[in-house]
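Participant: Let's see this in three dimensions:
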Amino acid sequence: MAQDREMEKKDARRDTLEQERERSYALIRLKLGAGRLRLVNWLNILAVLGAVGALFVAGLLLEKPTQSALEKRDLAQFPQFSPQALWQGDYTRQIETWFADTFPFRDAFVGLAASTEELYGLRWDDLRIVAPAGGEQQLPAPSRAPEQPAPSQPASPSQPEEQLTSSAPAPSQPEEQPASSAPQAQQPPVPDDGGELSSMNNGIVVYQGRAMSLYGGSYESAAWYASVLNTYQQELEGVQVYNMLIPTAVEFYLPQRYRDLSQSELEMIGYIYGQLDPAIKRVDAYGEIAQHTEEYLYFRTDHHWTGLGAYYAYRAFCQQAGFTPLELGDFETRRLDNFIGTMYAQTQDNTLLENPDYVDYYLFGQPYTAQMFPAGSPYVGTPWNLWGEYAQGVNSYSVFLQGDFPLIQVQTSIENGRKILVVKESFGNAFAPFLINHYEEVYVVDQRYFQLGLVDFIREHGITELCFANNIYAACTPYHIRCIDGLRHQVYQGAPPPAQPAEPQPQAAASQPEAVTSQPEAVTSQPEAIASQPEATASQPEKPPVLPARQEGQTAEAESQPQRPKIKLFRENLPPPPEELEGQ
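Facilitator: Residues are numbered from 1 along each chain as shown. Here you go, the predicted model:
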């Protein structure tokens, strides 16, 4: 009976609405008349068709974008024709994708769509959760480490995981993590608002104008990462190895009421440090950063840390390396404003636009010269600057090292015999430049792009220290672990290193001074000849850098074998050491 009465009420409401609609239409017809009503209808049709036609013509005639600054990616390219692709239908689908992806004013339409979709998102107590690709995973975030994890190696992914992700689920039966393996730092107090939400593994949370990646690492991957670093320690006898794990913003700025959304990064860092060889020095970046969480350590619209956050990690590193860290007042601070980073590109959340980030970077008084070796050119470098001050807007983080490159090699005026190589992902870009204040040579290797065998490279260049600097996401991501492991003995598949030419006879060099410019050894061993004969050196720009002259006792046969050349840095451009200045 109750259901019948409810149905009757619904029918009555429906009839009432239809009657009101009919009365409204009747009033419009009486007011406009049949002729004017038809005119209005035609005007509406023409307006819609005109708008659609204008967009179509704009899509054909206007210049099509090739990159999306908003989404930070390259847009689709026009497909190449092939009969097979046309027959299978791929060609027409790719044209449709290209047309939709390169439509004029695309970023403006994407922003409008994001503003509309944001109204449908989950926003609870000024918090919005953005699900990761593939939907939300309702997995409880583990809080304890397994007893004896095995460093399993998943199958290689088809393409690199560029974003900070770790999709492997945590073990279901964890055991208490020993307290001795954790860094000596406590989680900073966070506001407790009360309340509770269901747990999510990965994804992004936007809270009070700050976007943060939710952490969900795998202990199996963490053990694998530690075992890879232990292998480096075993193979590089006499080289001091450091490991610096970098926490992210979610560890310090996610309120207590939402802590169950993200796994503890502190516990995962402690677990990895507990699995390392005792000879590897642990850099407690977490402890140093945790003491300064009221400062501007992480960007609000980007997943990276700031230059200030990297500075505090540098202080923690100096404690392990035996240096006295420089103070912020010793540097010149410069700033890039209006930085909108990767988190906005992924969430399109308008609250992030209300308070853009800025990028502070520091210039040092320490003189240096540097070279960068791009992909496909591991033996031939180009002069480089450690700061890309031209960076702006969405690319402002590229001010550090000018971005990610396979190798950057730095020579300073310091003469203490200490040479360090840093293996890093993008978080290390803001950290590595601080090291030029303490080392004679600094090598910065991106674990994703370096193309030579790292163990041999370290031995050949006399590198004395090796530092792995990775954020905690990368340390638990199979792609990054596989990259680090593969660096050890990988073989470059491109052109082999140039063979060292034979050294000219001293008598010939004395009797024919013009041969100085024709012999590469003479050019490199006599810098004054380069200055006196610029035309000769400029006429041979395509010659690769040469190897150093044959050492005493070296045979001609050994010299003629192809070798990997050490890149010659421009030491003569550096100012003389202080003791030489005093003697002049």
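
Participant: Counting neighbours, what do you get for Leu353?
Facilitator: As a burial measure, Leu353 scores 13 neighbours (other Cβ atoms under 10 Å). (Each C-beta comes from the backbone N, C-alpha and C, glycine too.)

Participant: do Leu487 as well
Facilitator: Using other Cβ under 10 Å as the criterion, Leu487 is surrounded by 21 other residues.

Participant: cool, and Tyr492?
Facilitator: The local packing of Tyr492 (other Cβ under 10 Å) involves 15 other residues.

Participant: Excluding chain neighbours, what is closest to it?
Facilitator: Gln451 (4.9 Å; Cβ to Cβ, 6 or more residues apart in numbering).

Participant: can you give me the mean pLDDT across whichever helix in the chain runs longest?
Facilitator: Longest helix of the chain, by residue count under DSSP state H: helix 2-61. What helix 2-61 shows for mean pLDDT is 77.

Participant: Just list what that helix packs against, helices and strands only.
Facilitator: The helices and strands touching helix 2-61, judged by 3 or more Cβ pairs under 8 Å, 6 or more residues apart in numbering; DSSP states H and E, number zero.

Participant: contacting residues for Ser262?
Facilitator: Going by Cβ atoms under 8 Å, 6 or more residues apart in numbering, Ser262 touches 141, 205, 212, 214-216, 250-251, 254.

Participant: Could you single out the nearest of those residues to Ser377?
Facilitator: Within these, the smallest distance to Ser377 is 36.6 Å, found for Tyr215 (Cβ to Cβ).

Participant: ok so, going back, pLDDT score for the residue nearest to Tyr492?
Facilitator: Gln451 is assigned a pLDDT of 96 by the prediction.

Participant: correct me, but it touches Gln490?
Facilitator: Yes. Counting by Cβ atoms under 8 Å, Gln490 is a contact partner of Gln451 at 7.2 Å.

Participant: Just the CA atoms of stretch 15-32, as CSV, please.
Facilitator: Extracted C-alpha coordinates of stretch 15-32, given in CSV (Å, rounded to 0.1, in the frame of the first residue of the first chain):
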residue,chain,number,x,y,z
ASP,A,15,1.8,15.6,-14.4
THR,A,16,2.1,18.9,-12.6
LEU,A,17,5.5,19.5,-14.2
GLU,A,18,4.2,18.7,-17.7
GLN,A,19,1.3,21.0,-17.3
GLU,A,20,3.5,23.9,-16.2
ARG,A,21,5.8,23.2,-19.2
GLU,A,22,2.9,23.3,-21.6
ARG,A,23,1.6,26.6,-20.1
SER,A,24,5.0,28.1,-20.5
TYR,A,25,5.2,27.1,-24.2
ALA,A,26,1.7,28.4,-24.8
LEU,A,27,2.6,31.8,-23.3
ILE,A,28,5.8,32.0,-25.5
ARG,A,29,3.7,31.2,-28.6
LEU,A,30,1.1,33.8,-27.8
LYS,A,31,3.7,36.5,-27.1
LEU,A,32,6.0,35.9,-30.1
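
Participant: Need the contact partners of it.
Facilitator: Contacts of stretch 15-32 (Cβ under 8 Å, 6+ apart): 37, 40.

Participant: neighbouring contacts of stretch 417-426?
Facilitator: Identification of contacts with stretch 417-426 by Cβ under 8 Å, 6+ apart yields 304, 397, 404, 428, 431-432, 435, 438-448, 454, 457-458, 461-471, 474, 480, 484, 487.

Participant: now it: mean pLDDT?
Facilitator: For stretch 417-426, mean pLDDT rounds to 98.

Participant: Compute the first-to-last residue distance for that stretch.
Facilitator: Terminal residues of stretch 417-426 lie 28 Å apart, using Cα to Cα, to the nearest Å.

Participant: before we move on, what about stretch 77-85?
Facilitator: Termini of stretch 77-85 sit 15 Å apart (Cα to Cα).

Participant: what does stretch 335-346 give?
Facilitator: Note: stretch 335-346 ends 25 Å apart using Cα to Cα.

Participant: Also stretch 75-83?
Facilitator: Distance across stretch 75-83, first residue to last, is 24 Å (Cα to Cα).

Participant: Could you list the buried residues of that stretch?
Facilitator: 75-76, 79 (16 or more other Cβ atoms under 10 Å).

Participant: what about the closest residue to Leu326 other than its chain neighbours, how many neighbours?
Facilitator: Distances taken as Cβ to Cβ, 6+ apart place Asn437 nearest to Leu326, at 5.8 Å, with adjacent residues excluded. Applying other Cβ under 10 Å, we find 20 residues neighbouring Asn437.

Participant: likewise Leu254?
Facilitator: The number of residues near Leu254, taken as other Cβ under 10 Å, comes to 21.

Participant: Give me the pLDDT for it.
Facilitator: Looking at Leu254, its pLDDT stands at 93.

Participant: check contacts around it.
Facilitator: Leu254 sits in contact with 190, 205, 207, 212, 261-262, where contact means Cβ under 8 Å, 6+ apart.
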